[in-house]
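Chemist: what would the 3D arrangement of this be:
(chains A and B)
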Amino acid sequence: MRKLEPDKKLKERAKKSLSKPALLGEDIDLNRYDHAADELDYQNEPARLPEQTRERMLQVGVILDRNNRRSGTIIQMDHSVVHSQAKQDGIELMGTNQAREKYDWLSDYLWKAVAVDSDKYTAHVELNQGNGYFVRALPGSKTIYPVQACLYLAKKNLAQNVHNIIIAEEGSELHIITGCTTAPKEEEGLHLGVSEFYVKRGARVSFTMIHNWAPGIAVRPRTGIVVEEGGVFLSNYIIMKPVRSVQAYPVARCVGDDAVVRFSSIVVASPGSDMDIGSRVILNAKRARTEIISRAITIGGNIIARGCIEGNAPEVKGHLECRGLILRGGGTIHAVPELKGTLAGIDLSHEAAVGKIAEEEVEYLMMRGLTRNEATAAIVRGFLRIDIEGLPPQLNQELQRAIEVSEKDVM
Amino acid sequence: MLEIKELDITVDNREILQDINLSIKEGETHVLFGPNGSGKTTLLMAIMGSAKYRVTRGSIMFKGRDIVGLTLDERARLGIGISLQRPPVIRGVKTRDVMTACMREQTDGENIDRMAEKAKMTELMDREINYGFSGGEIKRSELMQLLAQNPDLALLDEPESGVDLVNIALIGELINELLKKEHPIRDRRHAGFIITHTGHILDYVNARTGYVLLNGRIVCEGDPHEILETIKSKGYENCRKCAS
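Modeler: Predicted coordinates for the structure are as follows:
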C-alpha cells in the first residue's frame, strides 16, 4: 500500500505552488493547453505502430525492431504507457503509476531529488499525474545495451505530464536512451517532464536524451540526480531540431565521496526557438568530480547556455566548458558559467567562448583542398564532436550518428 | 610553373608588396630571405590565395593560367600547397580528418598511417589539429599534410623555425620527399618556394635561386648560398645599401 500521509502533504505543497513561476525561462500559461487525453491501447508489438510514428521514434534513438540491441523498451504516448518490456534480467521497467502500485517504498524516491514545489510545472505534474517511466537496475546488475524510453506527444495542444524515477542500485550499471518527440505537426503542445535519478554506491548510469520536438512545442524538464559514494552519472543531451521553448536546468548532487558527474549537451537553436539550457552540479562530498561541457549553435534562435558548479567539500574538482557558435545571424547565445566554492583546497574552473567560425580556420582547410562549404561543415562537425567517455561503443556510435543526421539541417 | 609579374599586394588597404617579379620553373626550388615584416609571408599567402591579401596590380600565372581570381581551394586543386608558420587550432577537428581532406579521393587509412609514421606524427593523429602542438610538431604536421596533398608547387613558410637540431634533419627529409629530390634533376617536376630566416634548410634542399625581400620589394636575386653568406656576415643593412 502507498503511504497516503506523505502523499497528501505533497499534494498540499503542490497546490500552493500551482501559480509559482519558474525562476528561469518564459512563463508558460498552463491554461492554454488541454490536460486530458484518451487512454491509448497497449501495444504488445511496438514494431506494429504506424510507420510514421516509428520513423519519428527512430530519429530520437528509439528502435522498435525485434533485434534492436536494447535491454528494454518503454513508450509513453500522451498520458498512456503503450508498451513496456524489460529484456534483461536485473532490469525493472514499467510505468511510474504501476511502480507506485507495486512498491510502497517508491514514496521514498518521489520528489526527493526534485522539489514538488519547485515551480508551477512540478506542482502541475504532481496534481495531474500522467505517468512516466520507472527504471531500476538491481544491485550488481550490468547492462551493455541501453534501456530505451520514448515520450511521444500525439494529441494536439496537450500538456503531457511525465514523472520518471530511475534507480541504479549499488554496483549496477545502467544505460538509458530517452527520445522525446511528437507527431509531425504544426500544432502547439507542452511537455512537462520530471526525472529523478538515484545513483547508489558504486553504480554507473549513462543517460542520453535526444529531443526532436516541433516548432509549436514548449518543454519544461525538471531533473534532479543524487549520486552516492563512487557512483557515476553521465548525461548526454542533444536538441538540434526546432522547438518553441525549452527551459531546463538539471541539478546533480554528489553526496558520496568520489562521486562523478558529467554533463554534455549539444544545443542548436533554429529561428523561432528559445532555449535556456544548463546543468548544475553540487559537489558535497570528498573528491567528487564533475565536468560540464556544452556546445551551442544558433542558426537564428536564442540560447542561454548555463552551467554552475558548486564545491562544498575537500578536494573536489570541477570544470565547465561552454562554447557557442553563431552560425547565422538573427539569434543570440548568452553563456552564463558560474562557479561557487565554499572552502579551501577545491579546484573549479571554467572556459566559455562565443563567436562565429574563424575565417582563418575555414581558409586553412580550403588550403588543403576543401571548398568553403566543406570546410565550414568540417568545422561545425568538429565543434559538435564531444568525446563522451563511459558510453558503450555502440551507444556512442548511435549518438554520433544522431548528431550527423542533424548536422545537415544545421548547415 | 609559377610566373609572377609586376605584382602589388595590399592587406587591409595597406600596400605590402610592390612590383614583385619572379619565375619558378618545374623542378626548381627557390628561397626567399628578408627581415621580419618585409612581406615574405604576404607573398606566399597571396600566391596561395588567402582573401585578406588583395592583388591590386600584376599577375600570378600557375601552369600557364592566371590564378588571381581563383579561390584557395581551386588553387590547391590546381596543385599549390602551403605549410604555414603558425597554423590555426581547429577545435574538434582531428589531424586525421585534415589528412583525409588532403588526400581527397585517394583516401586510404593505411596510407595516412604510413605518412604519419614517417613524419613522427602517429601519436598526434587523433588529437585536435595544432592544439597544444610544439613548434616541431606543427612543422611536421604541416609537411605531412603537404605530402598527402602532393602539390606541384610547395610554398613553405619557415619550415625550420622553432625546430631543434635533431628534428631539423627529419624536416629536411620530408621537404626533400615533397620536392621529389630522389628523382634526377631533369625528371623533377615538383617546385618549391621556401621562406627561411636561418638558412639551415639550405643544408637539406637543393635551392637554385634566392631572393631578398626588403620593404615589400625584391631587391636581390641570385645564388641562395651566396645571399645567405652575405646576410650572415653583413646583415640586411648591406642589402639595403646595395638596393639603393
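Chemist: give me phi/psi at residue A:96?
Modeler: Main-chain torsions, residue A:96, degrees, to the nearest 10: phi -60, psi -40.
Chemist: now do the contacts for the closest residue to it other than its chain neighbours.
Modeler: Residue nearest to residue A:96 in three dimensions, not counting chain neighbours: residue A:132, with 4.0 Å by CB to CB, 6 or more residues apart in numbering or on different chains. Using the backbone N, CA and C atoms, a C-beta is placed for each residue, glycine as well. Each residue near residue A:132 by CB atoms under 8 Å, 6 or more residues apart in numbering or on different chains is listed here: A:76, A:95-97, A:161-165, A:193-194.
Chemist: what is the mean pLDDT for stretch A:63-74?
Modeler: Throughout stretch A:63-74, pLDDT has a mean value of 85.
Chemist: contact partners for the residue in chain B that chain A sits nearest to?
Modeler: Closest contact between chain B and chain A, by CB to the nearest CB, is at residue B:92 (2.9 Å). Taking CB under 8 Å, 6+ apart, we find residue B:92 in contact with A:379, A:381-385, B:128.
Chemist: quick one: secondary structure of residue 130?
Modeler: Let's take chain A. In three-state terms, and counting by DSSP: H, G, I helix; E, B strand; the rest coil, residue A:130 is coil.
Chemist: now chain A against chain B: closest residue?
Modeler: Per CB to the nearest CB, residue A:382 is where chain A lies closest to chain B, at 2.9 Å.
Chemist: and that residue, that one's in a strand?
Modeler: No: Residue A:382: not assigned to a strand; according to three-state DSSP it is helix.
Chemist: now do the strands in chain B.
Modeler: Counting by DSSP state E, one finds strands in chain B at the ranges B:2-11, B:14-24, B:29-33, B:53-62, B:65-66, B:80-83, B:153-157, B:191-195, B:209-214, B:217-222.
Chemist: in the last one, which residues are buried?
Modeler: By that I understand strand B:217-222. Under the neighbour-count criterion of 16 or more other CB atoms under 10 Å in any protein chain shown, strand B:217-222 has B:217-220 buried.
Chemist: the fourth one too?
Modeler: Buried residues in strand B:53-62, counting neighbours by 16+ other CB under 10 Å, are found at B:53-55, B:58, B:60, B:62.
Chemist: what is the most widely separated pair among the residues you listed?
Modeler: Distance extremes for the buried residues of strand B:53-62: the farthest pair is B:54 and B:62 at 17.9 Å, using CB to CB.
Chemist: let's have the strands of chain B in TSV, adding mean pLDDT and distance to chain A.
Modeler: Shown next, in TSV, are the strands of chain B (pLDDT from 0 to 100; distance: least, CB to the nearest CB, whole Å):
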stretch	mean pLDDT	distance to chain A
strand B:2-11	95	14
strand B:14-24	94	17
strand B:29-33	93	18
strand B:53-62	95	11
strand B:65-66	94	17
strand B:80-83	96	6
strand B:153-157	95	10
strand B:191-195	93	15
strand B:209-214	93	22
strand B:217-222	90	24
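Chemist: would you mind finding the most buried of these?
Modeler: strand B:80-83 (a mean of 28; mean count of other CB atoms under 10 Å in any protein chain shown).
Chemist: give the other helices and strands that that one contacts.
Modeler: helix B:40-48, helix B:135-149, strand B:153-157 (3 or more CB pairs under 8 Å, 6 or more residues apart in numbering or on different chains; DSSP states H and E).
Chemist: go through these and pick out the most buried.
Modeler: The highest average neighbour count among the helices and strands packed on strand B:80-83, using mean count of other CB under 10 Å, belongs to strand B:153-157 at a mean of 26.
Chemist: which strands or helices does that strand pack on?
Modeler: Using 3+ CB pairs under 8 Å, 6+ apart, strand B:153-157 is in contact with helix B:40-48, strand B:80-83, helix B:165-178, strand B:191-195.
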